[in-house]
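Q: What follows is a predicted structure for the sequence shown.
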Amino acid sequence: MLVGVSGGSCSGKTTLARAMLDACGDAAALLMFDDYYRDHGHLEPADRARVNFDHPDSLDVDLFCEHLDELRHGNGIAVPSYDFATHTRGTSSHRVEAAKVVLVDGILLLALEQCRKRLDVSVFVDAPADVRLARRIERDVAERGRTPDGVRLQFAETVAPMHDAYVDPSKVHADVVFRHPFEVAGAVTALRGQLGI
């Protein structure tokens, strides 16, 4: 069973997906759409930072869909390793094995028909822009080597416009929507009940 967990950047979707993973143990696996960003090593570092990473063209959607199909058929996959600090794809990979439930995390999952048609159940996590921006500043400064001003600029130039154009409209395709603020443990219990796990 492929369960998509979508929503805006820093909406809380990854927190929910990881909480589901922890609750389900060996019955679940997690696949991150963020691992499928295209390699930008051919660009100068300053040019890499100007790439619109919130547009569907920034992702290797074909490989991602191939991997979804492999997991559905019970086969493990080698997931690319992406470095968010340098905007490059490394030569290494990590394994994701097939499981009873594969949680699939990504902001554009429901916006792309070739992705959403492969999902059995889809979840959308909705949060207002100010909450998402505050969380993104905290995350990107701590984990991705960014500056607060750089995060704000990227949010204004690409994150917010792409959210409005692609991500937010895609929630109409969700089977379940959780709106901020919500209690993660309660959401996990509700989802497990719906999925029968």
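A: Cool, the structure landed.
Q: which strands and helices sit next to the longest helix along the chain?
A: Assignment by DSSP state H gives helix 129-143 as the longest helix of the chain. Judged by 3 or more Cβ pairs under 8 Å, 6 or more residues apart in numbering; DSSP states H and E, helix 129-143 is in contact with helix 148-154. Yep, even glycine has a C-beta here, placed from its N, CA and C like the rest.
Q: circling back to that earlier point, now the longest helix of the chain: mean pLDDT?
A: Averaged across helix 129-143, pLDDT comes to 97.
Q: ok, now stretch 72-82?
A: Mean predicted lDDT for stretch 72-82 stands at 97.
Q: Alpha carbons only: can I get that stretch in PDB?
A: Taking C-alpha atoms only, stretch 72-82 is exported to PDB below (Å, rounded to 0.1, in the frame of the first residue of the first chain):
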ATOM      1  CA  ARG A  72       4.500  -1.800  -5.100                       C
ATOM      2  CA  HIS A  73       5.800  -5.000  -6.600                       C
ATOM      3  CA  GLY A  74       7.700  -5.900  -3.400                       C
ATOM      4  CA  ASN A  75      11.100  -4.900  -4.600                       C
ATOM      5  CA  GLY A  76      13.600  -2.800  -2.600                       C
ATOM      6  CA  ILE A  77      15.100   0.200  -4.300                       C
ATOM      7  CA  ALA A  78      18.400   2.200  -4.200                       C
ATOM      8  CA  VAL A  79      17.400   5.800  -3.400                       C
ATOM      9  CA  PRO A  80      19.700   8.600  -4.600                       C
ATOM     10  CA  SER A  81      21.500  10.700  -2.000                       C
ATOM     11  CA  TYR A  82      21.000  14.400  -2.400                       C
END
